[in-house]
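*Asks:* Build me a model from this:
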Amino acid sequence: MGMLEKIPGRRRLNALGALACVAMLAYALYAQHGLGLEPCPLCVLQRVSVLSCGLAFALAALHHPRAAGRFVYAGLILVAGGAGAAVAGRHVWLQNLPPDEVPACGPGLEFMMESFPLLDVLDMVLSGSGECADTAWSFLGLSMPSWVAIACAGLIGLGLLANLPDRSPRSALSRRQ
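*Replies:* Numbers count the residues shown, from 1 in each chain. Alright, predicted model coming up:
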């Protein structure tokens, strides 16, 4: 019996979610430093969401909670993944605007964080800028934010599967036996 077979299924799924988040962040860093693609402010927010999702998955895998704790981790993954999908969706929308409707480029995220209150920075970032509308990378016809939105939806599904109780009749029978 291998080491992985000794790990309970929920714990394995949560570890898989954490590893998926690590892989996504590793690729984002490779795209930035290896391919020379500088992240726009929306890209940075997507990274924060994926990192938050990964931390929730990792904590759920390590903690392996029972009862209410499972709902807490499912909720954290839902919120973090949902935020990532929403920001990625906004990013895709900006990328698909006609050129004459693309917002003007604004100041960099670092400058905004130093100069404005956090809520103002979030408002400015979510309104987007010209740099967010550029599509510098694509795979199978989809931009990186499109893939992030798809991945976040998958992470949400995995997080709910791993952490919410199985309510199917088959699982009720197995619990009775």
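*Asks:* any idea whether P65 is helix, strand or coil?
*Replies:* Here P65 is recorded as coil under DSSP: H, G, I helix; E, B strand; the rest coil.
*Asks:* wait, doesn't it sit right on V72?
*Replies:* Yes - counting by Cβ atoms under 8 Å, V72 is a contact partner of P65 at 7.2 Å. The way it works is simple: take the backbone N, C-alpha and C, and place the C-beta from them, glycine included.
*Asks:* what sits in contact with each of the two?
*Replies:* Counting by Cβ atoms under 8 Å, 6 or more residues apart in numbering, no residue touches both P65 and V72.
*Asks:* Helix or strand: which one has R47?
*Replies:* helix 41-63 (DSSP states H and E).
*Asks:* Would you mark the buried spots in the very next helix or strand once past that helix?
*Replies:* Using DSSP H and E, the helix or strand that directly follows helix 41-63 along the chain is helix 68-95. Using 16 or more other Cβ atoms under 10 Å as the test for burial, helix 68-95 gives 70, 72-74, 76-78, 80-88, 90-92, 94-95.
*Asks:* Can you give the distance of helix 68-95 from its chain's centre?
*Replies:* Averaging C-alpha positions (Cα atoms, centre = their mean, to the nearest Å) puts helix 68-95 6 Å from its chain's average.
*Asks:* Show me what the mean pLDDT comes to for that helix.
*Replies:* Helix 68-95 shows an average pLDDT of 90 in the prediction.
*Asks:* now the angle between helix 41-63 and that helix, please.
*Replies:* With axes from the mean of the first three to the mean of the last three Cα atoms, to 10 degrees applied, the angle from helix 68-95 to helix 41-63 works out at 160 degrees.
*Asks:* Point out the other elements, helices or strands, that helix 68-95 touches.
*Replies:* On a contact count with 3 or more Cβ pairs under 8 Å, 6 or more residues apart in numbering; DSSP states H and E, helix 68-95 meets helix 9-33, helix 41-63, strand 142-143, helix 144-163.
*Asks:* let's see it at 6 Å
*Replies:* helix 41-63, helix 144-163 (3 or more Cβ pairs under 6 Å, 6 or more residues apart in numbering; DSSP states H and E).
*Asks:* mean confidence score for the shortest one?
*Replies:* By that I understand helix 144-163. So the average pLDDT for helix 144-163 ends up being 93.
*Asks:* Run the chain-centre distance for that helix.
*Replies:* 7 Å.
*Asks:* gap between the residue nearest to the spatial centre of the chain and G81?
*Replies:* For the chain, V50 is the residue whose C-alpha lies nearest the centre (Cα atoms, centre = their mean; 3.2 Å). Look at V50 and G81: by Cβ to Cβ, to the nearest Å, they are 8 Å apart.
*Asks:* Please determine how far L161 is located from L76.
*Replies:* Applying Cβ to Cβ to L161 and L76 gives a distance of 15 Å.
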